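*Asks:* Predicted model, plus sequence, below.
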Number of protein chains: 2
Amino acid sequence: MAEDDRRGDEVLDTLRRHAKRITTAKRAVVGVLVDSRDHLTAEEVTREVQRSWPDVSPSTVYRILEELEDLALVVHSHAGHAAAVYHLAGRSHGHVTCEACHVTFEVPSDVFDLMAHELEASFGFELDRHHVALAGVCAACRTRRRAVP
Amino acid sequence: MAEDDRRGDEVLDTLRRHAKRITTAKRAVVGVLVDSRDHLTAEEVTREVQRSWPDVSPSTVYRILEELEDLALVVHSHAGHAAAVYHLAGRSHGHVTCEACHVTFEVPSDVFDLMAHELEASFGFELDRHHVALAGVCAACRTRRRAVP
DNA sequence: GTCAGTGCAAACGGTTTGCATGTTT
DNA sequence: AAACATGCAAACCGTTTGCACTGAC
């Protein structure tokens, strides 16, 4: 989709502007992130990249993800003990992860507003809405659980 | 403190009631958890236990923590990519972890009430308040940050 | 031609596991 | 005596790193 191409080009331009070299591996990683509406683990990104470029190594993917994150183009978050998930930086949002199906969802940032305010007022704690995913059980799994108890 | 002893005995009694054997290592792990007001990593528990019983191994500590957790006597939570922290199960509460000093704090469960309600109403998502720690910056580190910018 | 970027393999930290031995019941 | 719990060492997973080489500029 044209809009996605534009998004990808923006990312590559930012790399260029920071005197980073544009390589096949970087194009591929950015392509995967742009195409994916989901939050992917580094391993999933690697697997996806390797469908077209089989000898891009996992360590390269980690290094590219790190570089993109340093430039605030990519963001990762953690859920429980599982692998981190990465995605393109966009509008600010929070994460919730289902403990049953292990899928991470975005939720709008303002869901956190009241809690953030309370944490700040009561404890002086400044919430980082993005970085850690809340745990719980998603709607689909709750239904499934009721059906097969 | 007598109250702590009682708490420790309760835990050991529950173990007995579930036909688990009471060993030196278990007494020691329970003792450390009871004494500590903090949230400890498995490694910290091990180190503390080894001060009195140097040849209790890390794997045993992990196994004991797991057993205690299966009986709902202990709870662990994750913060970002760091090691999990364990503590005795008690009143329900949430966790917030400072990204600067890596200390995990408890916050009262009701801080999450409004957000939990909104997640449920809007997304059908059932929040597990306990299992994952929110990230952010604690009051002390924010002050420090302002002082030394 | 230079250097940042890469592949590979090895190391890492936190955690789990298989197995032979020791301890609780 | 029988079952369970433990120590040790090795495996595990996700991630990071050292090194020699390659390919973008």
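*Replies:* Yep, that arrived.
*Asks:* Let me see the contact set for the nearest residue to residue A:81 once chain neighbours are set aside.
*Replies:* Excluding its sequence neighbours, the residue lying closest to residue A:81 (Cβ to Cβ, 6 or more residues apart in numbering or on different chains) is residue B:78, at 5.6 Å. Any C-beta I mention is one placed from the backbone N, CA and C, and that applies to glycine too. Shown in contact with residue B:78 (Cβ atoms under 8 Å, 6 or more residues apart in numbering or on different chains): A:78, A:80, A:81, B:84, B:85, B:131, B:132, B:133.
*Asks:* pLDDT-wise, what's the bottom of these?
*Replies:* Scanning the contacts of residue B:78 for pLDDT, the low point is residue B:132. It has 72.
*Asks:* Leaving out chain neighbours, which residue sits closest to it?
*Replies:* Among residues not flanking residue B:132 along the chain, residue A:135 sits closest, at 4.2 Å (Cβ to Cβ, 6+ apart).
*Asks:* Can you name every helix or strand that the helix or strand where that neighbour lies contacts?
*Replies:* Taking DSSP states H and E as the definition, residue A:135 sits inside strand A:134-137. For strand A:134-137, the helices and strands in contact under the criterion 3 or more Cβ pairs under 8 Å, 6 or more residues apart in numbering or on different chains; DSSP states H and E are strand A:93-98, strand B:126-128.
*Asks:* Does chain B have contacts with the helix or strand following that strand?
*Replies:* Where DSSP H and E defines the elements, the next helix or strand beyond strand A:134-137 is helix A:139-147. Yes. Helix A:139-147 reaches chain B (Cβ under 8 Å from any Cβ of the partner chain) through A:139, A:142.
*Asks:* and helix A:139-147, what's its mean pLDDT?
*Replies:* For helix A:139-147, the per-residue pLDDT averages 82.
*Asks:* What is the distance between it and the centre of its chain?
*Replies:* Counting by Cα atoms, centre = their mean, to the nearest Å, helix A:139-147 is centred 25 Å from the centre of its parent chain.
*Asks:* Contacts for that helix, please.
*Replies:* So helix A:139-147 is contacted by A:98, A:100, A:101, A:137, B:123, B:124, B:125, B:126 (Cβ under 8 Å, 6+ apart).
*Asks:* any chance of those residues in CSV, plus distance to residue A:33 and neighbour count?
*Replies:* What follows is the contacts of helix A:139-147, written out as CSV (distance: Cβ to Cβ, whole Å; neighbours: other Cβ atoms under 10 Å in any protein chain shown):
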residue, distance to residue A:33, neighbour count
A:98, 22, 22
A:100, 26, 14
A:101, 22, 11
A:137, 27, 20
B:123, 24, 16
B:124, 28, 14
B:125, 25, 24
B:126, 30, 19
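*Asks:* List just the nearest of those to DNA strand D.
*Replies:* The closest of the contacts of helix A:139-147 to DNA strand D turns out to be residue A:101 (Cβ to the nearest atom of the strand; 15.4 Å).
*Asks:* and residue A:33, what does it touch?
*Replies:* A:40, A:45, A:68, A:74, A:86, A:87, A:88 are the contacts of residue A:33 under Cβ under 8 Å, 6+ apart.
*Asks:* quick one, phi psi at it?
*Replies:* With angles defined as degrees, to the nearest 10, residue A:33 sits at phi -60, psi -40.
*Asks:* Then residue A:4?
*Replies:* The phi/psi pair for residue A:4 (degrees, to the nearest 10) is phi -70, psi -40.
*Asks:* Can you show me the CA trace of the worst-scoring helix or strand of chain A on mean pLDDT as PDB?
*Replies:* One helix or strand of chain A scores below all others by mean pLDDT, DSSP states H and E: helix A:139-147, with a mean of 82. The C-alpha trace of helix A:139-147 is given here as PDB (Å, rounded to 0.1, in the frame of the first residue of the first chain):
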ATOM      1  CA  ALA A 139     -12.000 -10.900  25.400                       C
ATOM      2  CA  ALA A 140     -11.600 -13.800  23.000                       C
ATOM      3  CA  CYS A 141      -9.800 -16.000  25.600                       C
ATOM      4  CA  ARG A 142     -12.300 -15.100  28.300                       C
ATOM      5  CA  THR A 143     -15.100 -16.300  26.000                       C
ATOM      6  CA  ARG A 144     -13.200 -19.400  25.100                       C
ATOM      7  CA  ARG A 145     -12.500 -20.100  28.800                       C
ATOM      8  CA  ARG A 146     -16.200 -19.900  29.600                       C
ATOM      9  CA  ALA A 147     -17.100 -22.200  26.700                       C
END
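*Asks:* Same question for it: list its buried residues.
*Replies:* Neighbour counts using 16 or more other Cβ atoms under 10 Å in any protein chain shown place A:141, A:142 of helix A:139-147 among the buried residues.
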